[in-house]
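In: Sequence and predicted structure are below.
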Amino acid sequence: MTASIASFVIDKADLSRTAIVDTPLPALQPGEILLKVDSFAFTANNITYAEMGDRMAYWAFYPAGDNRGIVPVWGFADVIDSRHDRIARGERIYGFLPMATHAVLQPEKITDTSLVDGTPHRKALPPAYNFYVRTTGDTAFLPEHEPLQALLRPLFITAFLIDDFLADEKFFGAQTVVISSASSKTAFGLAWLLHKRRGITVTGLTSAGNRDFVAGLGCYDRVVLYDDIASLDAAQPAVYVDFAGSGAVRKAIHEHYGDALKYSCAVGLSHRETSPPGKGLPGPKPVFFFAPDRIRKRTQDWGRGGIDTRFADAIGDFLPKAAGWLRIIEGSGESSVAAAWQATLAGEVKPDEGHILSLWE
């Protein structure tokens, strides 16, 4: 076992500047476990974590100093050392991990299927990100689709929760849902869920280069280019779900629909614009969707088992379908991770590609 942790760190002031930093492996304290981070997914969602690192406390999960940060990722890790009597070496864990070779957790609230990291500095952070799955007892874990699960599970849970939220609100009286960045993985996960509902028309906004991919998914009733927003029926009440974060697109949608826009949901920043959600726009004020808040509500409504069962059923149906849409690109070592970071930051990753990475050579 190596004597240090290698972490992929980002310059908070310039996200294009990255480095590997080595720190000594800490001596485990009673109640702690040491994870070897085996593999993790990397998508535009992780760029959003960096963009929102200070505002939404993403930098706080795995601190790296005032001027640098470690971006959290979703992936799989193996327990290689344990000083906790309920967690054994060799266990496989899924959850919110650092872009690093190792992580130390302090498990608490342990069940047969999960654990919560009780590391003191994380207790004030959103509980959903401190929740880890023990794969041997997880009903949503499909071993044959492990790379797809690493890639899509954290994105699909967001899609699942937005779909649930909109349905719970009866779509604010609208019959149409307009989704920007329609080629993004969270967006087409949401579209797939919405497409299964009766009476809802799903419209995807995309670029000319991604139009064929989006149209080929089969889960959008209509695919519209950003330049053609004026072709949408402005008299038809609509909900806008914004995964792009583009101020120009947001403005165009709000001005086009006006009062016919019943709700404006801000989710992502795939276009890498950090403009405010939109002051002074016609129609409703955009509201940022924070998935952990919805998880907290539904956990209260349904219990943890209730939300887990519903999600397991949904992702179990979705993953085999998504397997036909995506190709997995695996990479290991610093150069592969750095290349994936720069390509994603520059918006150069094709919509049908999914990166599964590891800092282990």
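Out: It's in. Residues are numbered from 1 along each chain as shown.

In: which residues sit in contact with residue 49?
Out: By C-beta atoms under 8 Å, 6 or more residues apart in numbering, the residues touching residue 49 are 56, 58, 71-72. Bear in mind the C-beta positions are built from the backbone N, C-alpha and C, glycine included.

In: again, only this time at 7 Å
Out: Under the criterion of C-beta atoms under 7 Å, 6 or more residues apart in numbering, the neighbours of residue 49 are 58, 71-72.

In: With residue 165 instead?
Out: With contact taken as C-beta under 7 Å, 6+ apart, residue 165 is in contact with residue 294.

In: and it, that one's in a strand?
Out: No - going by DSSP: H, G, I helix; E, B strand; the rest coil, the assignment for residue 165 is helix, not a strand.

In: Roughly how far does it sit from residue 260?
Out: Going from residue 165 to residue 260 by C-beta to C-beta, to the nearest Å gives 20 Å.

In: just residue 65 next, same as before
Out: Taken as C-beta to C-beta, the span from residue 65 to residue 260 is 48 Å.

In: Next: residue 348.
Out: 36 Å.

In: Look at the two and report which has more neighbours.
Out: More crowded of residue 348 and residue 260, by other C-beta atoms under 10 Å: residue 260, with 17 against 9.

In: ok, the more buried one touching residue 237?
Out: Yes - look at residue 260 against residue 237 with C-beta atoms under 7 Å: they come within range, at 5.2 Å.

In: What residues sit buried inside stretch 281-297?
Out: 281, 283-284, 286, 289, 291-292, 294-295 (16 or more other C-beta atoms under 10 Å).

In: Contacts only, for residue 260.
Out: Residue 260 neighbours (C-beta under 7 Å, 6+ apart): 234-238.

In: Give me the longest helix you can find in this structure.
Out: For the chain, the helix with the greatest residue count under DSSP state H is helix 291-323.

In: Determine the set of other helices and strands touching it.
Out: helix 146-168, helix 185-195 (3 or more C-beta pairs under 7 Å, 6 or more residues apart in numbering; DSSP states H and E).

In: Off-centre distance for the first one?
Out: It stands for helix 146-168. Remark: helix 146-168 is offset 8 Å from the chain centroid, using C-alpha atoms, centre = their mean, to the nearest Å.

In: tell me the angle of it relative to helix 291-323?
Out: 120 degrees (axes from the mean of the first three to the mean of the last three C-alpha atoms, to 10 degrees).

In: quick one: buried residues of helix 146-168?
Out: Buried residues in helix 146-168, counted by 16+ other C-beta under 10 Å: 146-166.

In: Residue 300: neighbour count?
Out: 10.

In: Now the most centrally placed residue in the chain. Nearest residue, chain neighbours left out?
Out: Ranked by distance to the mean C-alpha position of the chain (C-alpha atoms, centre = their mean), the top residue is residue 155 at 3.8 Å. Closest residue to residue 155 apart from its sequence neighbours, by C-beta to C-beta, 6 or more residues apart in numbering: residue 186 at 4.2 Å.

In: picking that back up, going through the contacts of residue 260, which ones are buried?
Out: Neighbour counting by 16+ other C-beta under 10 Å classes 234, 237-238 among the contacts of residue 260 as buried.

In: Which ones among the residues you listed map onto strands?
Out: residue 238 (DSSP state E).

In: Would you reformat the buried ones among the contacts of residue 260 as TSV and include distance to residue 38 and pLDDT?
Out: As requested, the buried ones among the contacts of residue 260 are arranged in TSV below (distance: C-beta to C-beta, whole Å; pLDDT from 0 to 100):
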residue	distance to residue 38	pLDDT
234	50	96
237	47	97
238	43	98
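
In: just for the stretch 101-250 of the chain, where's the confidence low?
Out: For the stretch 101-250 of the chain, not a single residue meets the criterion pLDDT under 70.

In: How many residues are close by residue 313?
Out: 12.

In: To clarify, my last question referred to residue 118.
Out: When neighbours are defined as other C-beta under 10 Å, residue 118 has 15 of them.

In: Which strand residues bridge the closest residue to it other than its chain neighbours?
Out: Nearest residue to residue 118 in three dimensions, chain neighbours excluded: residue 108, at 3.8 Å (C-beta to C-beta, 6+ apart). Residue 108 has these beta-bridge partners by DSSP bridges: residue 116.

In: which other helices and strands contact the host helix or strand of residue 250?
Out: Applying DSSP states H and E as the criterion places residue 250 in helix 247-257. Helices and strands touching helix 247-257, by 3+ C-beta pairs under 7 Å, 6+ apart, are strand 238-242, strand 261-266.

In: could you redo the last one with a cut-off of 10 Å?
Out: On a contact count with 3 or more C-beta pairs under 10 Å, 6 or more residues apart in numbering; DSSP states H and E, helix 247-257 meets strand 176-179, strand 201-206, strand 238-242, strand 261-266.

In: Quick check: neighbours shared by residue 260 and residue 237?
Out: 174, 176 (C-beta atoms under 10 Å, 6 or more residues apart in numbering).
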